[in-house]
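Novice: give me a 3D structure for the following:
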Amino acid sequence: MNRIAVIGAILEDPRNTQQAFNGQIASFKGIIKGRMGIPFDAENKAVISITLEGELDEINSLMGKLGQLPGVTVKAAVASGGGKAET
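Specialist: Predicted structure coming up:
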């Protein structure tokens, strides 16, 4: 069953972490519905919000991969019900 979720990520020193972060995101492009990034240049940080719809295992896999990246902190909220009905 598909779930709707949002992942919030904070990138420390985004110039050094963003390439690896984007690489992981690209490998899950099939479940990503939208992305918004806000740079905080004075603090040398970036905040990224990713909205997705996919199987819970896929969402958890992406969370795990992003959470293992140095300088990246992630949290997620997952809807309790499903997204689109599977056919």
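Novice: now the nearest residue to Ile31 once chain neighbours are set aside: phi and psi?
Specialist: Ranked by Cβ to Cβ, 6 or more residues apart in numbering and with sequence neighbours excluded, the top spatial neighbour of Ile31 is Gly54, at 3.2 Å. Every C-beta, even on glycine, is put in place using the N, C-alpha and C of the backbone. For Gly54, the backbone dihedrals (degrees, to the nearest 10) come out as phi -170, psi -180.
Novice: packing partners of the helix or strand containing Ser61?
Specialist: According to DSSP states H and E, Ser61 maps onto helix 56-67. The contact analysis (3 or more Cβ pairs under 8 Å, 6 or more residues apart in numbering; DSSP states H and E) places helix 56-67 against strand 2-12, helix 14-26, strand 72-82.
Novice: from the chain's centre, how far out does that helix sit?
Specialist: Helix 56-67 has its C-alpha centroid displaced from the chain centroid by 8 Å (Cα atoms, centre = their mean, to the nearest Å).
Novice: now swap in stretch 40-49 and tell me
Specialist: 15 Å.
Novice: likewise for stretch 43-58?
Specialist: With Cα atoms, centre = their mean, you get 2 Å for stretch 43-58.
Novice: got the contact list for it?
Specialist: If you take Cβ atoms under 8 Å, 6 or more residues apart in numbering as the criterion, stretch 43-58 is touched by 1-14, 18, 21, 25, 28, 30-40, 59, 62, 78, 83-84.
Novice: show me how to select, in ChimeraX, the buried members of the residues you listed.
Specialist: Provided next is the ChimeraX selection string for whichever of the contacts of stretch 43-58 are buried by 16 or more other Cβ atoms under 10 Å:
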select :2,3,4,5,6,7,9,10,11,14,18,21,25,28,31,32,59,62,83
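Novice: what packs against the helix or strand of the chain with the lowest mean pLDDT?
Specialist: Of all helical and strand segments in the chain, the minimum by mean pLDDT, DSSP states H and E falls on strand 72-82, at a mean of 90. If you count contacts as 3+ Cβ pairs under 8 Å, 6+ apart, strand 72-82 packs onto strand 2-12, helix 56-67.
Novice: distance to Val74 added to those, as JSON lines?
Specialist: Output for those, formatted as JSON lines (distance: least, Cβ to Cβ, whole Å):
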{"stretch": "strand 2-12", "distance to Val74": "5"}
{"stretch": "helix 56-67", "distance to Val74": "5"}
